[in-house]
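Asker: Take this sequence and fold it.
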Amino acid sequence: MLVKVFGSAITGVDAIRITIEADVAPGLGYVIVGLPDNAVKESVDRILSALKHNGLSRPRTRIVINMAPADLKKAGSAYDLPIAVAMLGATEQVSGALFNDYVIMGELSLDGALKPVKGVLPMAIQAWREGFKGMILPEQNAREAAMVAGLEVYGVAGLDAVVAMLNGLTKPERTLADARGDFYEAQAQFDLDFNEVKGQEHIKRALEIAAAGGHNAILVGPPGAGKTMLAKRLPTILPPLSLQEALETTKIHSVAGALPERASLVARRPFRSPHHTISDVALVGGGGHPQPGEISLAHNGVLFLDELPEFKRTVLEVMRQPMEERRVTISRARISIEFPANFMLIASMNPCPCGYYNHPDRDCSCAPLAVHRYLNKISGPLLDRIDLHVEVTPVSFIELSATAPSESSAVIRGRVIAARSLQTTRFTGETGVYCNAMMGSRLLKKVCVLDPAGAALLRKAMERLNLSARAYDRILKVARTIADLAACAAILPEHVAEAIQYRSLDREDWAG
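Answerer: As a prediction, the model looks like this:
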């Protein structure tokens, strides 16, 4: 008997339908065709053990399993359940009446229990688009799939429950999720707040500008000055995610297996902080079966690189193109996959190997050449792509012991949202441009017009600091954001002056 069961395969952050066909033929043995990887080939042993432990008959004939489309590589253990159901259908141990209505996915244990799989959200979206009635999944993944309205989702604990459902003996309870309600409720819940930071008002101001315009920033200062503490609080002042952004972010985390069990939509902007030993592939994505890297997991959020000079030069350089294009393309001989990577880069570093160059109270023990060599670990092209260079100084005892409350994240976030609202109105009708940092050359000429005083100030800075053309564009974008925070339609000379001061690493005299 020939039967067809439907599953899904992940390509990038989207899913495509996979048809699993099972046919009984004379002879003995099991054959799986359709470009299965080793994990799929090994599924037969897991399935046979699961059948035995659940009182189901092991097929005594030859079973041929075909996974279509046959030219697409099938990877992972998520096909265990649909292959098992197809085998049972082909041997008439389960009814095939519901096969055309449901997408079935899940990994089997030897005793028939179901384990969670990756990429369920894009699978559910694809099932809904193709008109399937619902999905049958491990119970740990059911809530994730149930975020797709209009799709019947049944989370089951094991193979026995799936067989009972398909034979009409029992029906598990349908999983329901109030994705919108959970999403809006969790948006304002943060464990950190800027009111916990003593002093550092100029750093808070720089991060507010970065948040308001979506700008990249680097914090340069001695150990213990609060660089990491400030960076970790940046997501608390970023505008809340829209539902579309939340869906994009959740899909990426689902494909990477980074969602917790029984997860709902990602409600807060991601904050990713990889260790400096990270590899190129782990940062930008890739692998034999391409997976999103840290820059994609930070999509719509913040990528924080602590101790930037300690990262391998090659790791930092492969990040340059995604920072400009806000996406990363992974190309292989058979397939090319694109992952979104629209993130804010926040980096931190010491000013020198010992960490105390330009420190107000401690002497630097580094030779001038060592300071230059340390700074040169970061290439000029990468620094050009960072809009704000912020010098962090130690907090004094008076500031640390002050009892007056600092400004809260909620207050700063209100100003950021107001500035982003102006940008949303400004860029209405512009595809792929949502904040000042995303402006291209055409928009820059249109939006960032300087008066004669501002133009003269910027010209003098360009000549004195020997800035690149990319740095010139960055200053204009930052000045536009500063004007937006002040609710000013025009860019004034004081806005330009403040933007110029955030190019400190471009100064020839910065490192002596």
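
Asker: In the stretch 51-200 of the chain, mark out all the strands, start to finish.
Answerer: With strands called from DSSP state E, counting those that start in this stretch, the stretch 51-200 of the chain shows them at 62-68, 102-104, 107-108, 114-115, 134-138, 152-156.

Asker: In JSON lines: those strands, plus mean pLDDT.
Answerer: Shown next, in JSON lines, are the strands of the stretch 51-200 of the chain (pLDDT from 0 to 100):
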{"stretch": "strand 62-68", "mean pLDDT": "94"}
{"stretch": "strand 102-104", "mean pLDDT": "97"}
{"stretch": "strand 107-108", "mean pLDDT": "96"}
{"stretch": "strand 114-115", "mean pLDDT": "96"}
{"stretch": "strand 134-138", "mean pLDDT": "96"}
{"stretch": "strand 152-156", "mean pLDDT": "96"}
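
Asker: Any chance of TSV for those, columns mean neighbour count and distance to Leu219?
Answerer: Yep, even glycine has a C-beta here, placed from its N, CA and C like the rest. Converted to TSV, the strands of the stretch 51-200 of the chain look like this (neighbours: other CB atoms under 10 Å; distance: least, CB to CB, whole Å):
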stretch	mean neighbour count	distance to Leu219
strand 62-68	19	50
strand 102-104	26	47
strand 107-108	22	43
strand 114-115	20	42
strand 134-138	27	43
strand 152-156	22	44
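
Asker: looking at the ones you listed, which is closest to Ala418?
Answerer: Distance to Ala418, taken as CB to CB, is lowest for strand 152-156 among the strands of the stretch 51-200 of the chain, at 39.4 Å.

Asker: Please name every helix or strand in contact with the closest one.
Answerer: Here strand 152-156 touches strand 134-138, helix 139-145, helix 159-166, going by 3 or more CB pairs under 8 Å, 6 or more residues apart in numbering; DSSP states H and E.

Asker: Pick the most buried one from those.
Answerer: Highest mean neighbour count of those: strand 134-138, a mean of 27 (counted as mean count of other CB atoms under 10 Å).

Asker: Can you name the residues in contact with that strand?
Answerer: Contact with strand 134-138 is made by 81, 101-107, 114-117, 120, 123-124, 127, 145, 151-157, 162, 165, as judged by CB atoms under 8 Å, 6 or more residues apart in numbering.

Asker: on that earlier part again, any idea which of the strands of the stretch 51-200 of the chain gets closest to Leu56?
Answerer: Smallest distance to Leu56 across the strands of the stretch 51-200 of the chain (CB to CB): 12.1 Å, for strand 107-108.

Asker: Give me the helices and strands touching the closest one, please.
Answerer: When contacts are defined as 3+ CB pairs under 8 Å, 6+ apart, strand 107-108 sits against helix 43-53, helix 80-90, strand 114-115.

Asker: Next, the distance between the ends of stretch 48-59.
Answerer: Counting by CA to CA, to the nearest Å, you get 9 Å between the two ends of stretch 48-59.

Asker: all numbers from here: first residue = 41
Answerer: All set: I'll call the first residue 41, so the last point we hit is now stretch 88-99.

Asker: Please spell out which residues along it are buried.
Answerer: Using 16 or more other CB atoms under 10 Å as the test for burial, stretch 88-99 gives 88-91, 93-94, 96, 99.

Asker: which residue packs closest to the residue nearest the centre of the chain, ignoring adjacent ones?
Answerer: The chain has Leu337 as the residue nearest its centroid, 2.1 Å off, counting by CA atoms, centre = their mean. With sequence-adjacent residues excluded and distances taken as CB to CB, 6 or more residues apart in numbering, Leu337 is closest to Arg312, at 5.3 Å.

Asker: got a list of what the one you found touches?
Answerer: 334, 337-338, 341-344, 383.

Asker: Bridge partners for it, pull those for me.
Answerer: Leu343 (DSSP bridges).

Asker: quick revisit: now tabulate the strands of the stretch 91-240 of the chain in JSON lines and tack on distance to Ala458.
Answerer: As requested, the strands of the stretch 91-240 of the chain are exported to JSON lines (distance: least, CB to CB, whole Å):
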{"stretch": "strand 102-108", "distance to Ala458": "53"}
{"stretch": "strand 142-144", "distance to Ala458": "44"}
{"stretch": "strand 147-148", "distance to Ala458": "48"}
{"stretch": "strand 154-155", "distance to Ala458": "47"}
{"stretch": "strand 174-178", "distance to Ala458": "42"}
{"stretch": "strand 192-196", "distance to Ala458": "39"}
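
Asker: just the helices in the stretch 341-490 of the chain please.
Answerer: Remark: helices assigned in the stretch 341-490 of the chain by DSSP state H, counting those that start in this stretch are 353-357, 360-365, 408-415, 420-424, 437-440, 449-466, 481-487.

Asker: closest to Arg273 out of those helices?
Answerer: So among the helices of the stretch 341-490 of the chain, helix 449-466 is nearest, using CB to CB, at 6.6 Å.

Asker: List of residues touching that closest one?
Answerer: So helix 449-466 is contacted by 228, 230, 232-235, 244, 248, 251-253, 273, 276-280, 474-476, 487, 521, 524-525, 527 (CB under 8 Å, 6+ apart).

Asker: and what of stretch 370-377?
Answerer: With contacts defined as CB under 8 Å, 6+ apart, stretch 370-377 is touched by 51-52, 113, 324-326, 330, 369, 378-379.

Asker: lowest-confidence stretch among the helices of the stretch 341-490 of the chain?
Answerer: Lowest mean pLDDT of the helices of the stretch 341-490 of the chain: helix 437-440, a mean of 76.

Asker: Distance from it to the middle of the chain?
Answerer: Counting by CA atoms, centre = their mean, to the nearest Å, helix 437-440 is centred 37 Å from the centre of its parent chain.

Asker: ok, now stretch 222-229?
Answerer: Mean-position distance between stretch 222-229 and its chain equals 18 Å (CA atoms, centre = their mean).

Asker: List the buried residues in that stretch.
Answerer: Residues of stretch 222-229 classed as buried by neighbour count (16+ other CB under 10 Å): 222-223.

Asker: Render the CA-only coordinates of it in PDB, please.
Answerer: Taking Å, rounded to 0.1, in the frame of the first residue of the first chain, the C-alpha atoms of stretch 222-229 are listed here in PDB:
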ATOM      1  CA  ASP A 222       1.600  37.500  25.800                       C
ATOM      2  CA  PHE A 223       3.600  39.600  23.500                       C
ATOM      3  CA  TYR A 224       2.300  43.000  24.600                       C
ATOM      4  CA  GLU A 225       2.400  41.900  28.300                       C
ATOM      5  CA  ALA A 226       6.100  41.000  28.200                       C
ATOM      6  CA  GLN A 227       7.300  44.000  26.100                       C
ATOM      7  CA  ALA A 228       7.900  46.300  29.100                       C
ATOM      8  CA  GLN A 229       9.400  43.600  31.500                       C
END
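
Asker: average pLDDT across that stretch?
Answerer: For stretch 222-229, mean pLDDT is 75.

Asker: now the stretch 441-552 of the chain, which segments are flagged as low pLDDT?
Answerer: 546-552 (pLDDT under 70).

Asker: now the stretch 191-340 of the chain
Answerer: For the stretch 191-340 of the chain, applying pLDDT under 70 flags no range at all.

Asker: circling back to that earlier point, closest to Phe46 out of the helices and strands packed on strand 147-148?
Answerer: Evaluated over those, closeness to Phe46 peaks at helix 120-130, with 7.3 Å, by CB to CB.

Asker: tell me the mean pLDDT over the longest strand along the chain?
Answerer: As assigned by DSSP state E, the longest strand anywhere in the chain is strand 54-65. In this model, strand 54-65 has an average pLDDT of 94.

Asker: Many thanks, we can stop here.
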